[in-house]
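Colleague: the sequence isn't on hand, but the structure is:
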C-alpha cells in the first residue's frame, strides 16, 4: 500500500497545499488502486504520516466507500444498452449539466439496486440529497431522488424492528448498571489518563454517539456540537444527563476529549473501527443472556438512566427528560425517544428476569 501511494504521489505531484477540490479529482483512481478496506486504511495512513496530509485530506483522496461511493451498472437512458458507473462523490460533476434531473434519477436508481434492503436505500438516498444541497442544487433536482414506495417499505421494516426490540429489550450486566456507572463517574480523577472504561461511562453519561465524542460541548445549561445537527445552525439543546452536576459532566467530557486529541485514547467515531466493540464484548461485560452490549446501546442506557436519575414523576416528564438527554429536537412531536428506551432496567444485583423495559409512553 505504501508503494502504491508513494508512486502515485510522485507521478501526480500531489501536495498537502492542494485544495480539497483538486485532491478529490484523484479519488476514483486511488479507489481503484486501493481495492479493499485494509488497503484504503493503510493508504490514508501513508498520506498522513508520510506526506503530512491532514486526516480530512486523506479521506478526500481515499473516501470511505460505504458512504461516499456506490457503483452499479445502470441504464443511462430509457431503453439504452450502454452501462455506466455511478459515484456519489462525483455528483458535483452533473450539477452544471442540462440533463441533471435524469442523471440524478439514474444515481438514485443505482443506489436502490445496490442496496440490500429499503432501509439502506432510504439512508443512501438521504445522503445523496445532502450532497446535492451542499452544491446548492435546486429543490426540483433534490426532489427527483424521493421514492415514496421505498420510504413506505423502509418505515414498515423499521417499525417491525422497533416492535421486536421493544419485546426483547436490551440487557446489561451489573458492571453497567446505573449504580456502577455513577460510582465510577464520581470516582474518576481527571489528573490521570482515562481508559476505555472511562470512555464508555462518559458516553453513557451524555448519551453520546461515537461520531460526536470530539465535538460535543457543554456550556450554560446547553449542549452543542451534536452530530444530528449537521449542516444546520448549531442550535443549543438543553443539558440533561444522569450526572446532574453540569460542571462535573463538562469536566469529564473535556477529560475524554483531551485524551483523544493527544492520542492517549483512540477515537470511537472513526468509521469501521472494531476495537471498541471488542472491549464491550469482554466476558465480564456479557449479560447473562449472552448478548453483548454494542456502542449504540450505551446511548440507550444513558437515556433510561437519565430518566431515573432525574426522578421523572409521570410519562410526560419521562418523555421530556429522555428527549433532552438524547438531544432530540423539541419541535419533533413524533416521540422518537421511545425508540431509545428499550432497556430491560433493573437495579444492581437484581435478577435478570425481574428487569423491565421502561415505558415512557402509552398507547395514547
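Modeller: Arrived safely, thanks for sending. Please read these numbers as outputs of a predicted model, since none were measured by experiment.

Colleague: can you give me the helices in the stretch 1-150 of the chain?
Modeller: In the stretch 1-150 of the chain, the segments counted as helices under DSSP state H, counting those that start in this stretch are 2-12, 20-24, 27-33, 37-51, 55-61, 65-68, 100-114, 118-134, 139-143, 148-168.

Colleague: which stretches of the protein have low pLDDT?
Modeller: 1, 64-100, 165-166, 227-234, 332-339, 357-364 (pLDDT under 70).

Colleague: look up phi and psi at the most centrally placed residue in it.
Modeller: Centroid-nearest residue in the chain: residue 211, 5.1 Å away (criterion: Cα atoms, centre = their mean). Residue 211 has phi and psi values of phi -70, psi -20 when expressed as degrees, to the nearest 10.

Colleague: can I get the helices of the stretch 1-150 of the chain in TSV including mean neighbour count and distance to residue 326?
Modeller: Quick note: C-beta positions are derived from backbone N, CA and C, even for glycine. Below are these laid out as TSV (neighbours: other Cβ atoms under 10 Å; distance: least, Cβ to Cβ, whole Å):
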stretch	mean neighbour count	distance to residue 326
helix 2-12	14	41
helix 20-24	14	33
helix 27-33	16	35
helix 37-51	17	31
helix 55-61	19	28
helix 65-68	15	23
helix 100-114	19	29
helix 118-134	18	19
helix 139-143	13	28
helix 148-168	13	15
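
Colleague: and those: which comes nearest residue 352?
Modeller: Smallest distance to residue 352 across the helices of the stretch 1-150 of the chain (Cβ to Cβ): 12.7 Å, for helix 148-168.

Colleague: tell me what the closest one is packed against?
Modeller: Contact partners of helix 148-168 among helices and strands, from 3 or more Cβ pairs under 8 Å, 6 or more residues apart in numbering; DSSP states H and E: helix 118-134.

Colleague: and the angle for the helix it packs on with helix 148-168?
Modeller: Per axes from the mean of the first three to the mean of the last three Cα atoms, to 10 degrees, the angle that helix 118-134 makes with helix 148-168 is 120 degrees.

Colleague: how far off centre is helix 118-134?
Modeller: How far helix 118-134 lies from its chain's middle: 14 Å, per Cα atoms, centre = their mean, to the nearest Å.

Colleague: ok, now stretch 25-34?
Modeller: That offset, for stretch 25-34, works out to 25 Å (Cα atoms, centre = their mean).

Colleague: dihedrals phi and psi, residue 182?
Modeller: According to degrees, to the nearest 10, residue 182 has phi -70, psi -40.

Colleague: quick check: closest non-adjacent residue to it.
Modeller: residue 242 (6.6 Å; Cβ to Cβ, 6 or more residues apart in numbering).

Colleague: tell me the helices and strands packed up against the one helix or strand residue 183 maps to.
Modeller: Applying DSSP states H and E as the criterion places residue 183 in helix 178-187. If contacts are counted by 3+ Cβ pairs under 8 Å, 6+ apart, helix 178-187 sits against helix 196-205, helix 295-309.

Colleague: please produce a markdown table containing those helices, extended by mean neighbour count.
Modeller: Below are those laid out as a markdown table (neighbours: other Cβ atoms under 10 Å):
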| stretch | mean neighbour count |
| --- | --- |
| helix 196-205 | 23 |
| helix 295-309 | 23 |
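
Colleague: any idea which of those helices gets closest to residue 150?
Modeller: helix 295-309 (23.8 Å).

Colleague: before we move on, back to that, I'd say the residue nearest to residue 182 and residue 179 touch.
Modeller: No - counting by Cβ atoms under 8 Å, residue 242 sits too far from residue 179 to count as a contact (10.9 Å).

Colleague: the two: which has the busier surroundings?
Modeller: A direct count of neighbours by other Cβ atoms under 10 Å for residue 242 and residue 179 places residue 242 higher, at 25 against 12.

Colleague: for the more buried one, give its distance to residue 285.
Modeller: Remark: distance between residue 242 and residue 285 (Cβ to Cβ, to the nearest Å) = 19 Å.

Colleague: same check on residue 149?
Modeller: Remark: distance between residue 149 and residue 285 (Cβ to Cβ) = 42 Å.

Colleague: repeat for residue 4
Modeller: For residue 4, the distance to residue 285 - Cβ to Cβ - is 39 Å.

Colleague: now swap in residue 55 and tell me
Modeller: 30 Å.

Colleague: what are the structural domain limits within the protein?
Modeller: The chain breaks down into these structural domains: 2-63, 106-167, 174-357 (assignment by automatic domain parsing).
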